[in-house]
Structures are given as C-alpha cells and as structure tokens.
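> 3D, please:
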Amino acid sequence: MLRKLYQSSKKEQGFTLVEMIGVLAIIAILIALLLPKVFTLIASTNSRALAAAIRTYETAIVNYYADVGSVYPLNVAGTPAAENGGLSTTATSLAARLTLDVSDPLNVGTGSWPRFRGPYVEKFNSAVPPGYGTQITLRTTTSVALGTATTDSNIGWDLKGDDGNSDLPSASRTAYLRVEGVSDTEFNELDGIIDAGIGTNLAERQLRGRVKYRAANDRLYIYMQHQ
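Predicted coordinates for the structure are as follows:
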C-alpha cells in the first residue's frame, strides 16, 4: 500500500528531468528556426519606415526648390550655399532650413528669404534616424563629373542602374542623405524597396541606383535631388 502511494506521488510531481530536457530542446529548435524570420521582419518594417521618410524629405526638397530656386540651404543673406555637414543642429544646413518656420526673422531678409514658405518638413533629427541607423544627415554639395564611375562614397549616382557611371550633370548642385550604422541586411531591405530590379549582384546593388552602400563603415548614401 505504501509503495503504491509513493509511486502515485512521484507521478504527480510533474515532468521528469529527461522530459524537461526534451521540452527545452524543442523550444531551442523553434527559436533557432523563428529568430532569423523575426529579425528579417523587423528589418523590413524599419526599412519601410526609412523609405517613407525619404519620400517625405524628397517632397520637402522639391517644394523648397520650387519656392527659392535652389536645393542648397539659404544663408543669412538669402543666398543658396553648399553645406556638407548636414546635421539638423547646424542652423545653415538644409535639414535645419527645411524645418524652419516662415515666421522666423530670417524670412524678412534679403535674397531669396522672402520666397521661403517653410516649414517644408515637420521633423528632421540627425541623432534619431527614422527606421534604423545611428545618425542621418542631409548634405548639399556639387556632384562629380557626368559619366564618372560611381564609388561607395563619391557624389555620383547611376540612377538608371545601367552602367555604373554617374547620371548627374557635372558639378550639379546635389542634395543627399547619409545614414550611419546600417547593417547589410538593412541595406538589402531598403535597396529592395527603392532600387528594386537594379543590379545583378551584390556589388552592383551597392553602387547603382539611388541607394549606395559603403560596407566598410556601414554607411548609406541616398540621392535626393539635384539641379
């Protein structure tokens, strides 16, 4: 009788050690199978967020250009001037100018300021990139000569994606985004959204289209507009 009670008590104690190890092994296998898909889903969601922000910035630049006649930010005198730092905290950057309110005292100045109708975009924060990355800057400078081979860091983009050479006119005024801290997976997701169909291999995808990727330091160069 006592033996039966002891055996019954053992059965009611729950899983044995072997059974627990089996359950944990199954959980580990499921995690191993699902985790890559979770990371891919996160990267895809974040890439769509960045792609949406890029379209917003592009529209803002187009509207800004329609008003002041340049993709360069206006300086205090109302003259368009290149600014290749691109930080939102730099008052003379295009990133800062696009968020400037029309009522700002600068707007009554000389040059093109009277034509300024900002803000053209609600928010641009270099320290908090939309989607992913550690920093985003909106830079303005002149492009390389037309037909120059595009590299992973020069100011030239093969927008057609056909030959690896820049399609921008020589020394054209160009606005572009630079995003720091971007992984290979994140680049591939964004490239698939913005440059779908461009490039037959990884090297071509990294250098052709609107989005270029410098794998050596996890950096994106994204074409916005030129004039």
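> quickly find the element holding the most centrally placed residue in the chain.
In the chain, the centroid-proximal residue (CA atoms, centre = their mean) is residue 50; its distance is 4.9 Å. Secondary-structure assignment from DSSP states H and E places residue 50 in helix 17-68.
> about what we covered before: quick check: the residue nearest to the centre of the chain touching residue 132?
Yes. Look at residue 50 against residue 132 with CB atoms under 8 Å: they come within range, at 6.5 Å. Using the backbone N, CA and C atoms, a C-beta is placed for each residue, glycine as well.
> now for the residue nearest to the residue nearest to the centre of the chain when sequence neighbours are not counted: which residues touch it?
Leaving aside its sequence neighbours, residue 50 sits nearest to residue 131 (CB to CB, 6 or more residues apart in numbering; 3.2 Å). Neighbouring residues of residue 131 by CB atoms under 8 Å, 6 or more residues apart in numbering: 46, 47, 48, 49, 50, 51, 53.
> try residue 166
Residue 166 makes contact with 143, 144, 145, 146, 147, 148, 149, 150, 154, 156, 157, 158, according to CB under 8 Å, 6+ apart.
> buried residues in whichever strand or helix holds residue 192?
Using DSSP H and E, residue 192 maps to helix 184-194. Neighbour-count burial for helix 184-194, counted by 16 or more other CB atoms under 10 Å, picks out 185, 186, 187, 188, 189, 190, 191, 192, 194.
> do stretch 203-215 as well
205, 206, 207, 208, 209, 210, 211, 212, 213, 214.
> distance check, residue 225 against residue 183.
27 Å (CB to CB, to the nearest Å).
> helices of this protein, start to end?
With helices called from DSSP state H, the chain shows them at 2-11, 17-68, 94-98, 184-194, 202-207.
> so for the shortest one, what's the average pLDDT?
For helix 94-98, mean pLDDT is 97.
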